[in-house]
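*Asks:* Need coordinates for the following:
(2 chains)
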Amino acid sequence: MAKTITQEFTKGLWAEIPPFRLVLGLCPVLGVTTTMENGIGMGLATTFVLLCSNILVSALRNIIPPKVRIACFIIIIATFVIVVELVMQAYAYPLFLELGLFIPLIVVNCIVLGRAEAFASKNGLLPSIADGLGIGIGFTLSLAALGGVREVLGTGTFYGASVFGPSFQPFTFMIQAPGAFVCLGLMLCIMNLFE
Amino acid sequence: MSEMGYFSIIISTIFVNNILLAKFLGNCPFLGTSKKMETAVGMAMAVVFVLVMAGAITWVIYHLFLVPFDLVYLRTIAFILVIASLVQFVELFLKKSIPALYAGLGIFLPLITTNCAVLGACVINIDEELSFMKSLVASFGFAVGFGLALILFAGVRERILLARVPKPLQDTSIGLVTAGILSLTFFAFKGMV
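*Replies:* As a prediction, the model looks like this:
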């Protein structure tokens, strides 16, 4: 194999960082990033599902018949999503309520299915673990960055702590629906500038 | 939403709670298929078709199977399987009986399985505890809202092709900013219902 395990891991952090480079899985990116905490929670939940489904898909890649592989991948992913849903309900209930609908929707997050199809089903166990972790951590970082920017501008707080003091007039546009699109678009533009 | 009349549900799901621009569901096909008007119309039609059927079937599955047998925690896996097989079934059925419509919808049908607007709308209907008829109406409204936003956006995007956009802003970036402005116009409906 041409690439080392480290390369598989680090490509998720910049070269193929979702959702900026791989424009996939935008719904949770836009929907939950009103605060940094939500962004990180969603990112970690997705990372867990991505890692577990990559491991299982890679381990079973010679057993799953190619014709029904997508259905098999979806079942594997859905199982881990239910695990995340139940664990969050038990141990992180406020975050579970905050993320709400977007937890079950990890099933149809294109990133998870995309990595299962494009990477884990063709590669061995170790590279798949590295790929899953790398993409997952990259996704968490993007969500945290977007959530951080929107939280600082929209409510004047950073991870719950006040930044600008009480006289700050919050720019509420940023934490509402239109702000999510504009903010992500501008961040993508800034990333393109660094190319 | 469960106490609203049918008309209010339609207005609410199309405009106020537009599934794309207010609830952020189904954004991947929104950005992916909106570069040309033709594909946007195809996708919009396919979503209306599948979402109404999925709304009806998931309601039946949830209330007749999952609730009586105390299997509510399996909701996610049950729904995605239902949607995936429904899409396959619809595809086969259309191919045999209405080839013209099948040719029109083309590649958009299989893509719908991973469209989170479909799964999302079904989950919203269940969470809001709507009756069967109301969840049908709500699914239809969500689907029409999706189609409306997608077609409007495709129209704007075709115009952007003619404009001179700064290099770093090109393609997805300008698309997202445009979607933000479109979302702002839908924001004006807030508080209407």
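
*Asks:* any idea of the pLDDT on A:Leu24?
*Replies:* What the model reports for A:Leu24 is a pLDDT of 74.

*Asks:* So what touches the helix or strand containing A:Leu188?
*Replies:* Assigned by DSSP states H and E, A:Leu188 belongs to helix A:177-193. Defining contact as C-beta atoms under 8 Å, 6 or more residues apart in numbering or on different chains, one finds that helix A:177-193 is touched by A:19-20, A:26, A:29-31, A:33, A:145-146, A:149-150, A:154, A:173-174, B:21-22, B:24, B:167-170, B:172-177, B:179-181, B:183-184, B:186-187. The way it works is simple: take the backbone N, C-alpha and C, and place the C-beta from them, glycine included.

*Asks:* Break down the chain into its helices, ranges please.
*Replies:* No chain specified, so I'll use chain A. Counting by DSSP state H, chain A has helices at residues A:5-11, A:26-31, A:36-59, A:69-91, A:93-99, A:110-115, A:125-155, A:177-193.

*Asks:* Chain B is the one I meant
*Replies:* Counting by DSSP H, the helices of chain B are B:6-11, B:27-32, B:37-61, B:75-97, B:99-105, B:108-111, B:116-127, B:132-160, B:172-187.

*Asks:* Lowest average confidence across these, which one?
*Replies:* Averaging pLDDT over each of those puts helix B:108-111 lowest, since it has a mean of 74.

*Asks:* Could you list the residues in contact with stretch A:153-163?
*Replies:* A:34-37, A:148, A:151-152, A:164, A:168, A:170-176, A:179.

*Asks:* Which among these count as buried?
*Replies:* A:Thr34, A:Thr35, A:Met36, A:Glu37, A:Gly148, A:Glu151, A:Val152, A:Phe173, A:Met174, A:Ile175, A:Gln176, A:Gly179 (16 or more other C-beta atoms under 10 Å in any protein chain shown).

*Asks:* mind putting the residues you listed in CSV, pLDDT included?
*Replies:* CSV is the format used below for these (pLDDT from 0 to 100):
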residue, pLDDT
A:Thr34, 85
A:Thr35, 86
A:Met36, 88
A:Glu37, 88
A:Gly148, 89
A:Glu151, 88
A:Val152, 88
A:Phe173, 84
A:Met174, 83
A:Ile175, 83
A:Gln176, 84
A:Gly179, 88
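
*Asks:* What is the burial count for residue 98?
*Replies:* You didn't pick a chain, so chain A it is. By other C-beta atoms under 10 Å in any protein chain shown, 16 other residues sit near A:Glu98.

*Asks:* You answered for a different chain; I wanted chain B.
*Replies:* 12.

*Asks:* Same check on A:Ser167?
*Replies:* For A:Ser167, the count of nearby residues is 6 (other C-beta under 10 Å).

*Asks:* Then the one 10 residues further on?
*Replies:* By other C-beta under 10 Å, the residues close to A:Ala177 number 22.

*Asks:* again, but for the one 4 residues further on
*Replies:* Counted with other C-beta under 10 Å, residues neighbouring A:Phe181 total 24.

*Asks:* State the phi and psi torsions of the nearest residue to A:Ala15 once chain neighbours are set aside.
*Replies:* Leaving aside its sequence neighbours, A:Ala15 sits nearest to A:Arg21 (C-beta to C-beta, 6 or more residues apart in numbering or on different chains; 6.8 Å). When read as degrees, to the nearest 10, the backbone of A:Arg21 gives phi -90, psi -50.

*Asks:* looking at it, A:Arg21 is touching A:Gly12, isn't it?
*Replies:* No - applying C-beta atoms under 8 Å, one finds A:Arg21 not in contact with A:Gly12, separated by 9.5 Å.

*Asks:* Look at these two and report which has more neighbours.
*Replies:* A:Gly12 (25 against 16).

*Asks:* In contact with that one: list those residues for me.
*Replies:* Here A:Gly12 is in contact with A:Pro18, A:Asp131, A:Leu133, A:Gly134, A:Ile135, A:Gly136, A:Ile137, A:Gly138, A:Phe139 (C-beta under 8 Å, 6+ apart).

*Asks:* ok, now A:Leu24?
*Replies:* A:Pro18, A:Asn109, A:Cys110, A:Ile111, A:Gly114, B:Cys28.

*Asks:* can you list the residues you listed in JSON lines and add distance to A:Phe96 and neighbour count?
*Replies:* Shown next, in JSON lines, are the contacts of A:Leu24 (distance: C-beta to C-beta, whole Å; neighbours: other C-beta atoms under 10 Å in any protein chain shown):
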{"residue": "A:Pro18", "distance to A:Phe96": "23", "neighbour count": "26"}
{"residue": "A:Asn109", "distance to A:Phe96": "17", "neighbour count": "27"}
{"residue": "A:Cys110", "distance to A:Phe96": "23", "neighbour count": "23"}
{"residue": "A:Ile111", "distance to A:Phe96": "21", "neighbour count": "24"}
{"residue": "A:Gly114", "distance to A:Phe96": "25", "neighbour count": "17"}
{"residue": "B:Cys28", "distance to A:Phe96": "24", "neighbour count": "23"}
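
*Asks:* Would you format those as TSV with distance to B:Phe89 included?
*Replies:* Formatted as TSV, the contacts of A:Leu24 follow (distance: C-beta to C-beta, whole Å):
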residue	distance to B:Phe89
A:Pro18	32
A:Asn109	24
A:Cys110	23
A:Ile111	27
A:Gly114	25
B:Cys28	23
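
*Asks:* out of those, who's nearest A:Cys72?
*Replies:* A:Gly114 (15.3 Å; C-beta to C-beta).

*Asks:* Quick check: the gap between that closest one and A:Asn62.
*Replies:* 21 Å (C-beta to C-beta, to the nearest Å).

*Asks:* again, but for B:Ile98
*Replies:* Distance from B:Ile98 to A:Asn62, by C-beta to C-beta: 40 Å.

*Asks:* What is the least confident helix or strand in chain A?
*Replies:* Lowest by mean pLDDT, DSSP states H and E among the helices and strands of chain A is strand A:161-162, with a mean of 80.

*Asks:* So what are the sheet partners of it and their directions?
*Replies:* According to DSSP bridges, strand A:161-162 has the following sheet partners: strand A:157-158 (antiparallel).
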